[in-house]
Structure formats: C-alpha cells, structure tokens
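[1] mind looking at a prediction? Sequence and model below.
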Amino acid sequence: MTPRSFLLALLSLLLTQSESAPQAFRRDPGHPQWHHGAFHDVRDGVRSDVRRMLHSRAEVPFQVPLEVNVVLIGFGGDGGYRYKIDAQRLEQFLKTSFPVHRPSCLETGELLDIEHHMVYTTFPAGQPELIALEKALKEAMVPAGKARETEFGREVPLFEVEATAVEPVFQRLYSYIFDMDSVGSSVTEMDKPVPSAIFIVNFDKVRVDPRNKEIDLDSLMYGKIPDLTEEDMKKQEGDYIYRYRYNGGGATQVWLSSGRFVVIDLSAGPCTYGKIEAEEGSVCSRTLPRLRNVIHPSSSSITFHQSSNDIFLGQLASLVSTTVEHVIAPDVRFETVDLTSRLLIPIIVLQNHNRYNIMEKGHNYSINVEEIEAEVKSMLHDGQELVIIAGAHSLHRHEKLAIAVSKAMRGHSLQETKNDGRFHVHTQTYLDGAILKEEMEHSADVLAAGLLEVADPSLSSKYFLRQNWMDESEGSTDSILKHKPVWASYNSKHGKQRRKKIKKQGDLQPTYGTRVIPVFVLSLADVDPNLMMEDESMVWTSNDVVIVLEHQNEKIPLSYVSETQRRHALPSQAQRHILAGLASVVGGLSAPYEKASHVHERPVVNWLWAAGCHPFGPFSNTSHISQMLRDVALRNSIYARVDSVLHKIRDTSETVQAFAAEYLKTPLGEPVKGKKEKSNTELWLEKFYKKTTNLPEPFPHELVDRLEKYLDGLEELLVDMSSLLYDHQLQDAYLNSSDILQSTMFTQQYVDHVLATERDNMRCCKIEYKYPVHSSQTYIYGGILFAGFVVYFVVIFFSSPVR
C-alpha cells in the first residue's frame, strides 16, 4: 500500500468515526419543535376587556398576553434520582395558580394599567441534550476547597463552576429548541417571535462528578440510562457540592444568562446569601426545592409519595412565578413617557485631584464609553438617536459644585460585633444623592444646573411635539395644516370671540427633541476609605440624572454575605455602576431583586435572582445587560405610553360624566336614573344620544358620535398592539403606541374645547358690554328731550306770581 492510499484510508476512517460519534442538538426528522401560540386563542378575551375598559368607567387594566416557556431538563427519568415530572400537569398547574401578573411602578408604588395574561408552555428536553450539558458542566468544575452540608454538618469537597463557561452550551440548547440561529439579535431585527425560557435542570451528580473518570458520557448520549438501586439512590448527592458564579459574582444555583433564558439548577448548592442581620429576601438551603427531600427510599407509603410529589410540583410552580415577577416581567423603575427622537447622555467626571483620569483607556479603573453606548443603544427603539459625550472637569474650578458635594456628606452610626463578642459603635460617612442633586439644581453652575434643568422629562416633550391647538392662521400653505385639530372648525363664531384672549401659538409642528440624562461621576481623592452612597451603593439615580461615586481605595466590606464570606464593593470601578444607573433611567429597569409591595407600601427585596448578567446589586459582577432585560426595557417604553393613554381616556370620561351630571336633569331637576346594572356613562348615552331628539341637549350629538367612533377605533388599535406585544414585534408596537398617544391627546383637547363652548352656551344669563350706537333716532329723541325742557321753563316763567 502506498503512503498516499494509506493516508486516504486513515482520513476516511476518522471521518466515519466522527460521523458516527454521538452528537447532541441534531435536527433529526421528527424531533420535537416549539410552536408559538396563536394570538386568536386569547383575542376574544383581550377584546372583551378592552371594550369594557373603554366603554364603561370600570378600571380594567389593558390585557397583554405573555408567553413563558418552561424547559424541564433531566426530569424524564434520565436525571438525578431518575425523577419524572409530567410536563402537562405542571403546565396546567401554572395556568390555574398563576394566570395573571400585573407589574407596578417602583417610583410611585402604584399598579400599572397593564396586566399580563400568562401563557405557559412546558415541555421536556431530550436525553442527548442532558448528557451534553452534563459533559460541559463536568469540564467546567474547579475545586474550591471544602464546604459544610446543611443537613448533616459534615465537610465535603466543593467545586465551583463559572457560569459563562457553560452558558454557550445552554445557548445551543435554546437555539436548538426554539430554532434560533442568531445568538444576540435584537428583537427589532427579527421577524419571528423570540421566546423567553426558564431552564429547570436536574443533573445526575454521580455522572457529573469530576473525580469520577470511569463514566463515559458520550456512550450515554443515545444509550440506555441504567436504573438506580436503593443503594444508588442514597448516593445520588455524590458527597460533594458545586455552585455557580457568574463572572466571579456571588455563589448561586440560579442565574440570568446574557441571552433570553434563565437557569435553575436544582442539583447545585444549596447556596446561602443575603444581607447580614436582615431576614427579608435572604436565600437559604430551603429557598429552592431539593429532590433529596422528596425521595424517601425508606418510606413505602404511596400516599406519602404522592403528597411529596404534589408539594414539589407546587414549589416548582411558585419558583416559576417568582422568576416571572422579578426577571421576565419585572416592575418598572421609572415610568417616563419619552417622546423625543434623540437621547443625549453627557458623562461628566468631576475630580478633586490630578493624580489619574478615569477617562484614559488601558487602566483597570477606566471608563469604556463605547461599551456603555452599545449597551444603552440596545435599550432604544429603531429611529432613536443616541449621543454620548464624556469629559473630565476639576471641582476646584466649579466651587458651587464643590460646596454641593460637601453639603451632601452625611454620617450615621453603626453597631457591629467584633471577635470579642461585644458591640462596637462607629460612624460611617456616606454621600446623600438626593441632597447632592438638589444642591446641584440650586447652584449657579451651568455645568450642573443647566443640564439638570434640561434633563426634566416634562420639558423634553416641548422640544419634540409642539401641540398648539388654537392656531387661527388661515393663509398658511404649510403642509402641517392637515394636522390641525378636528375642533378647529367647530363653532367658528365662538373661536372668533375668543381670539383676543388666546395667544396665537402656531400649528402642530413635529420637531426633533432631545432628552438629556446627565451622568455625574465624582472621582474623589483623600476621602474616607469606606465612603459610599446611601444603601451601601456606589450609584444613585432619579428619573432624570445618574450620580456615581469613584475613589481609588481598597475594596469596601459590605453588610452582604455570600456563603461564609462578605461581599465587597470596588470603589475604583465605575463602569458597572454607570450602566446600572442608565439602565434604570433610560430603560426603566428595576433590579431583579426588587419588587413593589402594596402590603408593605414600599419595595421589598428577594435576593434569589441577584446574580447573573446584569449590573445591579452586590452579588453581580458584570457590566453587561442580559438580552432578556433589554427586551423588558423596550417593553417598558411602550407600557409607559399605554399607561398614559389609559389615564387620559379615564380623565376624558370623568370630564364628560361631570358635565352630564351637571346639566342632564329631569324636568323636576333630579338626576336621570336607570337600571342598576348600567353605568352612568352608558345611561346618558342610551337615554339621550342613541337617537336624535329635538329637545335641548347638554352637548351636541356630534360629540358623542365622534367619541364613539374614536373609542371603536382605539379598541382595534389596542387589540392590535396586544397582538404585536405577544408576537414580540416591539418596533411595530412602539410606533402603534405613538399613534395612540397622539390621537388620545387630540381627542382630550377636542372634548375639553367642546364642553367649554357648550358650557358658555347653556348659561342662564350673560353680561355683554357694548359701545353706544349713533343713529338718527338718537337725534330725534334728543330734540324731543330739549323741546320738553324749553316748554317746562316757559311754563314756569309765565306762571310766576310776580308776573
């Protein structure tokens, strides 16, 4: 055999072996595929709620279907303990127990007029995909010393897994299940639904044990998984513990990925983390369900097994609901109706030293403006321009700002327990962000006061849409005239009467507005080594400004603990805190561990989802925002507009109802009464305006006709927008919300104008001021009056006794 033929034979043999090697994520014929639910399944319910919301005074929230996909990995008799879960039963339990979810606004503490109609889809993953994940997990485990078991207190080996190392394999599973080839594509660039997924994982800890070199995972990919004996069941914990850390953050067994999925690993941990001496939101060994507590080999009672399985199913459903409330559809941090087309973010570094400059690249403390711009851009819709400028300024040249920083310094007392077992009281200095913002606003420095004045969200709309309703110009040939309000031609006589009282303002002119969100980075030297802002944070945000503290001191110990170690803040790294502040202000994102509580009347915390791909909190350690949270930011801007629209509609309805209650009376002066099941709005519409009458009406029949047509059109628009949101077509929904908001503002102004006109016309009397009119009759009456005086004086003169 020649060397060439031998080489060809060897290559063909290797190729044959590679093709025959077991592979996961293969799209074989007949493999299960995910199908996005059709909107027409829930269209009737959405339309019914929208119609009830618009045509009555019932405060019904706007229904938006939200699809959540729960993927069960290792629950088909092939994972840990060979445990099986009926996916259809879990799906039905979720639909029955958690059918709706209504987010709130953390700034106001009020519920949004948006309610999610939950659509759950639960299905299992295949055995090849489970083995592929176990293989990647086993390779990523790194020894990290010893850990103590919670149940028995014994020390066992500890392994840590960097979540970013196994994340690509989970991303392949996501792409395989949902047929998504592009990893990080934006929602607006894809013409297919982009699902949100929850991966609930149950690994076999014996198979993934990195110390076990005997098991060949490749052979189990398409082979038969051996059953477990009673002795094998007792050894399923593997006598070791493994935990995840996302980019070196806090230890956890649940984490938010950089894509559109979250991972819940029930085999990892258990993990313990939270705030020291604070019970609220702490994560312990009993926070997540564990199969060890469900499987009882010594018990033979069928009833006991069934009860344990039901409890485990309920715990999984509650875990899914918590994930939806904190990650997939969380509360809104700031509800801002942003109508501008340009976003300007000036990053202003105020430093009291010349030792270093955080704007210089190449250092550990440097700020990467390009990365910040890319992350913020991903939270904006198409058509919105982003401009970021950055610069450093010396506090010595802005004495008003230096005074503001000094005034914002505060201190509070802390009691800590030392090794001697006693309490030690010390004072900790912190920077109060609210006081600093107020002092900056009142300062005469244009660098702060000028930017903060422009940054007011209520002012930004004036730069985008000059809604000047009462223009009386008739000779203009501007094309904008076609956008004149619909009431401009109503009662032109009344308009002419009021022309002298109303300042001429011009037509409706769309302009290119700019919203300004300043970011102030205080780079301070020679300060308290443990200086932070309030709540042990390095960033403070409001709805129009971000303030970040930075200084070159060592890491600061926090009152948060992960396992047995304190968490520390790195005051020299401002990148993550800048991004966290901008995510809250621009995208309205709240931290995944915060949620508004109407019972407590304040935000409450749950640290379960504090770790992962997000820049919030002490357990995170990344300067990137998950694709799932980017989608939430895009939806928040739409929700803010819809919420504003619904409030305006209710205000308009209240205005019409107040007018009807004032003028709609019976001949005896009593309010009109009808059937109890009818609302007042339906009553006066039906009683007087469903048919035209010759009797005097409180306001024209034309107004009610236009309102009815507007509400019917708005109903179709809202149903269409609910469909767009369900199908993840966020760009179309964003444009739809803009049209709805503009139309609602027109209608509100039209109703106010008509009611004001009719209120003037229906007054019982009015005072008119007129100048005297000169005519021929005036002279005649004047002559008669003069002749009367002459006759009177003649009579008096001749009738005198002396004469």
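    Cool, the structure landed.

[2] residue contacts, the nearest residue to residue 573 once chain neighbours are set aside?
    The shortest distance from residue 573 to any residue other than its chain neighbours is 6.1 Å, reached at residue 365 (CB to CB, 6 or more residues apart in numbering). Yep, even glycine has a C-beta here, placed from its N, CA and C like the rest. Applying CB atoms under 8 Å, 6 or more residues apart in numbering, we find residue 365 in contact with 356, 358, 550, 552, 572, 573, 574.

[3] do the same with residue 198
    Applying CB under 8 Å, 6+ apart, the residues contacting residue 198 are 68, 69, 70, 71, 261, 262, 264, 320, 323, 328.

[4] that one is in what secondary structure piece?
    strand 197-201 (DSSP states H and E).

[5] hang on, the earlier thing: compare the contacts of residue 365 and tell me which is most surrounded.
    residue 574 (26 neighbours; other CB atoms under 10 Å).

[6] how about that one, what does it touch?
    Residue 574 neighbours (CB under 8 Å, 6+ apart): 358, 365, 367, 521, 538, 548, 549, 550.

[7] between these, which is closest to residue 275?
    When the contacts of residue 574 are ranked by distance to residue 275 (CB to CB), residue 538 comes first, at 16.8 Å.

[8] any idea of the pLDDT on that closest one?
    Here, the pLDDT recorded for residue 538 equals 93.

[9] quick one: it and residue 126, what's the gap?
    Remark: distance between residue 538 and residue 126 (CB to CB, to the nearest Å) = 45 Å.

[10] again, but for residue 285
    Taken as CB to CB, the span from residue 285 to residue 126 is 31 Å.

[11] and for residue 385?
    Residue 385 is 45 Å from residue 126, by CB to CB.

[12] buried set for whichever helix in the chain runs longest?
    When the chain is parsed with DSSP state H, its longest helix is helix 627-663. Within helix 627-663, the residues that count as buried by 16 or more other CB atoms under 10 Å are 627-646, 649, 652-653, 656-657, 659-660.

[13] what of stretch 781-801?
    So, applying 16+ other CB under 10 Å, stretch 781-801 has no buried residues.

[14] same question, stretch 140-147
    140, 141, 144, 147.

[15] how about stretch 533-547?
    533, 536-547.

[16] from those, which is closest to residue 48?
    Among the buried residues of stretch 533-547, and counting by CB to CB, the member closest to residue 48 is residue 543, at 34.9 Å.

[17] could you dump stretch 222-237 to CSV, C-alpha only?
    Output of stretch 222-237 as CSV, limited to C-alpha atoms (Å, rounded to 0.1, in the frame of the first residue of the first chain):
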residue,chain,number,x,y,z
TYR,A,222,-28.2,7.9,22.9
GLY,A,223,-27.8,4.8,25.1
LYS,A,224,-30.0,3.5,27.8
ILE,A,225,-29.7,5.2,31.2
PRO,A,226,-29.3,2.4,33.9
ASP,A,227,-31.8,2.3,36.7
LEU,A,228,-30.9,3.0,40.3
THR,A,229,-31.0,0.6,43.1
GLU,A,230,-31.8,1.6,46.7
GLU,A,231,-28.1,1.9,47.5
ASP,A,232,-27.6,4.1,44.4
MET,A,233,-30.4,6.4,45.4
LYS,A,234,-28.7,7.1,48.7
LYS,A,235,-25.5,8.1,46.9
GLN,A,236,-27.2,10.4,44.4
GLU,A,237,-25.8,13.5,46.2
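
[18] quick check: mean pLDDT across it?
    pLDDT averaged over stretch 222-237 gives 86.

[19] tell me the buried residues in that stretch?
    For stretch 222-237, burial by neighbour count (16+ other CB under 10 Å) applies to 225, 228, 236, 237.

[20] just stretch 603-621 next, same as before
    Those would be 603, 605-621, for stretch 603-621 by 16+ other CB under 10 Å.

[21] list the ones among the residues you listed that fall in strands.
    If you go by DSSP state E, the buried residues of stretch 603-621 have 603, 605 in strands.

[22] which stretches in the stretch 251-400 of the chain count as strands?
    251-252, 254-256, 261-265, 273-275, 342-351, 385-394 (DSSP state E, counting those that start in this stretch).

[23] for the contacts of residue 574, which one is nearest residue 406?
    Nearest to residue 406 among those, with distances taken as CB to CB, is residue 549, at 14.1 Å.

[24] can you pull the contacts of that closest one?
    Here residue 549 is in contact with 431, 522, 524, 531, 532, 533, 538, 539, 571, 574, 577 (CB under 8 Å, 6+ apart).

[25] which phi and psi does it have?
    phi -100, psi 140 (degrees, to the nearest 10).

[26] show me what it is bridged to.
    Counting by DSSP bridges, residue 549 forms beta bridges with residue 522.

[27] which SSE is the closest residue to residue 194 other than its chain neighbours in?
    The shortest distance from residue 194 to any non-neighbouring residue, by CB to CB, 6+ apart, is to residue 728 (4.9 Å). Of the helices and strands defined by DSSP H and E, none includes residue 728.

[28] from the buried residues of stretch 533-547, which land in strands?
    For those, the ones inside strands are 533, 539, 540, 541, 546, 547, with DSSP E as the criterion.

[29] which residues are in contact with the third one?
    Shown here is residue 540, whose contacts under the criterion CB under 8 Å, 6+ apart are 431, 433, 434, 436, 437, 533, 534, 546, 547, 548, 581.

[30] mind checking how far it is from residue 546?
    The gap separating residue 540 from residue 546 is 8 Å, by CB to CB.

[31] follow-up on the earlier one: these two touch, right, the residue nearest to residue 194 and residue 193?
    Yes: between residue 728 and residue 193 there is a contact at 4.8 Å, judged by CB atoms under 8 Å.

[32] residue ranges with poor pLDDT in this structure?
    For the chain, applying pLDDT under 70 flags the ranges 1-22, 27-41, 55-58, 181-192, 296-306, 446-512, 663-704, 762-777, 800-803.

[33] and residue 427, which of the three is it?
    Classification of residue 427 using DSSP: H, G, I helix; E, B strand; the rest coil returns strand.
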